[in-house]
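Enquirer: model the following, please.
(chains A and B)
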2 protein chains.
Amino acid sequence: MTATSRHVVLRRHPTGRLSPDDFELVERPFAPLAAGQFRTRNRFLSLDAGFRQWMNAGSSDNYLAEMPLGEPVQSIVLGEVIESRHADWPEGRWVLARTAWESHSVTDGSDLATPVEPLPGVPLEEHLGALGPAGMTAYFGLFAVGRLVPGDRVLVSAAAGGVGSLVGQLARIAGCRPVGIAGGERKCRFLVEQLGYAAAVDHRAHGDLAAAIAAACPEGVDLYFDNVGGRVLDAALANLREGARVVLCGMVSQYEGEAAPIHRLWQLVTKRAEARGFMFSDFLPQFAEAAERLGRWVQEGRLSTPFHVTEGLENAPRAFCEMLAGANLGKAIVRL
Amino acid sequence: MTATSRHVVLRRHPTGRLSPDDFELVERPFAPLAAGQFRTRNRFLSLDAGFRQWMNAGSSDNYLAEMPLGEPVQSIVLGEVIESRHADWPEGRWVLARTAWESHSVTDGSDLATPVEPLPGVPLEEHLGALGPAGMTAYFGLFAVGRLVPGDRVLVSAAAGGVGSLVGQLARIAGCRPVGIAGGERKCRFLVEQLGYAAAVDHRAHGDLAAAIAAACPEGVDLYFDNVGGRVLDAALANLREGARVVLCGMVSQYEGEAAPIHRLWQLVTKRAEARGFMFSDFLPQFAEAAERLGRWVQEGRLSTPFHVTEGLENAPRAFCEMLAGANLGKAIVRL
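Expert: Reported below is the predicted structural model:
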């Protein structure tokens, strides 16, 4: 019997809203390893909205190349090495890497591969949450890009999402009282009751979102952590304080077509404020130090990732579409 | 005979496009000086587009308060002390200060007042150009906010204007080959023939401005110095290189109504770029050092301000309106 792996491949480039029909599940026999390669059995897939853009045709200017049709869908994945021709990646090692929606991956370790040491008392999947890309994104966004200072008035969009749910907790740890923006009453309750947000703004409930933010942030905003772009970003710009930092982490509103345009960029001039985009991978050399701090906070019980878990590789396309539609609380992952 | 001064006051808050009829020339008797005050006889007014916004009703959130009706129009002014009850500001001293469109000003020196030492061989008005707010804006925008590095691909909007005409020269001095954007063939010729720009893009001549910029900047843009906002800014965003800095200096397209909104802010994320607003006055503690360097370059003949001079206080309103309409080459000033 030949061993096989299962892969979710991109069947066509989506036009407009992504659909599970844009994907297809295929089965392939194990390819033999070349020298320097290793094979993982994957345990968890991380669903990250940012990957949506590379599914589009002609997206190659955006950091990664356009995902090729018929190939497995790129993703951050947590797996265990089960076969190796690479001395640094022996069998039995856990690894976080950018591979794909697939049961098994073959890689040479060059694409963001990081060894994972399971921490006593910490669920393995936390390495896709607070200890993974979401945690790194929240950490470097707040502290490196945003240069958070205790007392800063912090505002976060998509605050109930994978990154936003960690940003709020980290801002608390750093001595701030963050305000979160999310869509719907259920998410807003979640922000305040579960994630340590001091207040929540429901962007669906307010026609004048800028005024609603002003009511929740009467002193204005020193650090705005933006995960969505478009209308929410524009409303936040109206509430900046002098010298504010706008941390541009992602623009989920942009991935499936034209987002609402920005009318208030002018506020950056009058408030002598800055907006800066980043990707967590920009900070690779500092990952180890960040991981140590995040790991300590997790072990101390001060930081934990709320997960939205979907079971089964075959359900990854549906789970990804639901995440883009804003159906989830917390970090979306797929357990294989 | 009582001595009198002449003042241009704001007669009404403009609605939409500014008109000379929004102003009025009045004559007033000299008020006696209080202790700590001094009186200047003004020689030059600096016309700066940024002041346009404070003429609007309800503009008070924007750095300065709304200009009050019936009061002289605020402006950066170069004058000579002719009467003083302030030990630091003796008669005969030249001073640059934020006072108003008026023949004589009374001030206590607290509002951005800086003593001016005329330089041998340098026209006095250069202290409103390369050695004044325009020069400081270009200098700190490029070097402090934009962190210019020799070899950076520099793009500048309103490149034929008061600030832009200096940005291009400073970028040259710093070892870069700047590309300028301006409206109309005459300005574009001026950029290349007079100001040291390596190439010029006429924003009026191109429907697809992003593509026109790409043609002039085939390797993209490391530092974009924006003076206008709106459509031009949006087109520049399409051409950023990885790690680019967008220096937001002013948004003249915004002052007289709604500017074109920004659709490409997303580029800041994919290019890990930043946009930062500033005002030259943020850098007050570093003025002396900047002035020394700018003064040296002026005396060496490597930097000079192209002036558009209007004669007579009574013509300041018309000159200001023409500047906003983009009629000028170079830095607009009024000689009294």
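
Enquirer: and residue A:285, how many neighbours?
Expert: Residue A:285: 7 surrounding residues under other Cβ atoms under 10 Å in any protein chain shown. To be clear about C-beta, it is placed using only N, CA and C from the backbone, and glycine gets the same treatment.

Enquirer: for it, give me phi and psi.
Expert: Backbone torsions for residue A:285, taken as degrees, to the nearest 10, come to phi -60, psi -20.

Enquirer: which residues of chain A lie near chain B?
Expert: Contacts of chain A with chain B, taken as Cβ under 8 Å from any Cβ of the partner chain, map to A:61-63, A:229, A:233, A:248-251, A:254, A:258-259, A:261-263, A:265-279, A:282.

Enquirer: go again using 6 Å as the cut-off
Expert: A:62-63, A:248, A:251, A:254, A:261-263, A:265-266, A:268-270, A:272-278, A:282 (Cβ under 6 Å from any Cβ of the partner chain).

Enquirer: which of the residues you listed fall in strands?
Expert: A:248, A:274-277 (DSSP state E).

Enquirer: just the endpoints, please. Distance across stretch A:83-94?
Expert: 12 Å (Cα to Cα, to the nearest Å).

Enquirer: save the ones in strands among the residues of chain A next to chain B as TSV, and put in pLDDT, distance to residue A:19 and neighbour count too.
Expert: Output for those, formatted as TSV (pLDDT from 0 to 100; distance: Cβ to Cβ, whole Å; neighbours: other Cβ atoms under 10 Å in any protein chain shown):
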residue	pLDDT	distance to residue A:19	neighbour count
A:248	96	28	27
A:274	97	38	24
A:275	98	32	29
A:276	97	34	22
A:277	96	28	26
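
Enquirer: out of those, flag the one nearest to residue B:141.
Expert: The nearest member of these to residue B:141, counting by Cβ to Cβ, is residue A:274 at 13.1 Å.

Enquirer: contact partners for the closest one?
Expert: By Cβ atoms under 6 Å, 6 or more residues apart in numbering or on different chains, the contact set of residue A:274 is A:245, B:274, B:276.

Enquirer: just confirm the first one is within a strand.
Expert: Yes: under DSSP: H, G, I helix; E, B strand; the rest coil, residue A:245 sits within a strand.

Enquirer: which ones are touching residue A:233?
Expert: By Cβ under 6 Å, 6+ apart, residue A:233 lies in contact with residue A:226.

Enquirer: what of the one 4 residues further on?
Expert: With contacts defined as Cβ under 6 Å, 6+ apart, the neighbours of residue A:237 are A:264, A:267.

Enquirer: what about 7 Å?
Expert: When contacts are counted by Cβ atoms under 7 Å, 6 or more residues apart in numbering or on different chains, residue A:237 touches A:264-265, A:267.

Enquirer: the helix or strand encompassing residue A:180: what's the following helix or strand?
Expert: For residue A:180, the host element (DSSP states H and E) is strand A:179-182. As assigned by DSSP H and E, the chain's next helix or strand after strand A:179-182 is helix A:185-194.

Enquirer: what are the ranges of the helices in the stretch 101-250 of chain A?
Expert: Here the stretch 101-250 of chain A has its helices, by DSSP state H, counting those that start in this stretch, at A:133-140, A:164-173, A:185-194, A:209-216, A:230-237.

Enquirer: adding distance to residue A:201 and mean pLDDT, write the ones you listed out as CSV.
Expert: CSV is the format used below for these (distance: least, Cβ to Cβ, whole Å; pLDDT from 0 to 100):
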stretch, distance to residue A:201, mean pLDDT
helix A:133-140, 19, 95
helix A:164-173, 12, 97
helix A:185-194, 7, 96
helix A:209-216, 5, 98
helix A:230-237, 9, 96
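
Enquirer: switch those over to CSV; also include distance to residue A:43.
Expert: Formatted as CSV, those follow (distance: least, Cβ to Cβ, whole Å):
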stretch, distance to residue A:43
helix A:133-140, 16
helix A:164-173, 21
helix A:185-194, 25
helix A:209-216, 39
helix A:230-237, 34
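
Enquirer: relative to residue A:111, which of the ones you listed is closest?
Expert: Nearest to residue A:111, of all the helices of the stretch 101-250 of chain A, is helix A:133-140, at 12.8 Å by Cβ to Cβ.

Enquirer: gap between the strand holding residue A:180 and the chain center?
Expert: 16 Å (Cα atoms, centre = their mean, to the nearest Å).

Enquirer: one more: stretch A:282-289?
Expert: Offset of stretch A:282-289 from its chain centre (Cα atoms, centre = their mean): 16 Å.

Enquirer: contacts for it?
Expert: Outside stretch A:282-289, the residues that touch it by Cβ under 7 Å, 6+ apart are A:114, A:136, A:140, A:144, B:272.

Enquirer: the same query, at a cut-off of 6 Å, please.
Expert: Applying Cβ under 6 Å, 6+ apart, the contact partners of stretch A:282-289 are A:140, B:272.

Enquirer: same check, this time on stretch A:18-37
Expert: Stretch A:18-37 is contacted from outside by A:2-9, A:11-12, A:14, A:85-86, A:106, A:108, A:314, A:317-318, A:321, using Cβ under 6 Å, 6+ apart.

Enquirer: these in strands, which ones?
Expert: In this view, the contacts of stretch A:18-37 that belong to strands under DSSP E are A:4-9, A:106.

Enquirer: and the furthest pair within the residues you listed?
Expert: With Cβ to Cβ as the measure, no two of these lie farther apart than A:8 and A:106, at 16.0 Å.

Enquirer: out of these two, which sits in the busier spot?
Expert: Of the pair residue A:8 and residue A:106, residue A:8 is the one with more neighbours under other Cβ under 10 Å, namely 25 against 17.

Enquirer: that one touches residue A:316, doesn't it?
Expert: Yes: at 5.4 Å, residue A:8 and residue A:316 qualify as touching, with contact defined as Cβ atoms under 6 Å.

Enquirer: who touches both of these two?
Expert: Taking Cβ under 6 Å, 6+ apart as the contact rule, residue A:8 and residue A:316 both touch residue A:101.

Enquirer: averaging pLDDT per element, find the lowest-scoring helix or strand in chain A.
Expert: The weakest-scoring helix or strand in chain A, judged by mean pLDDT, DSSP states H and E, is helix A:252-255 (a mean of 65).
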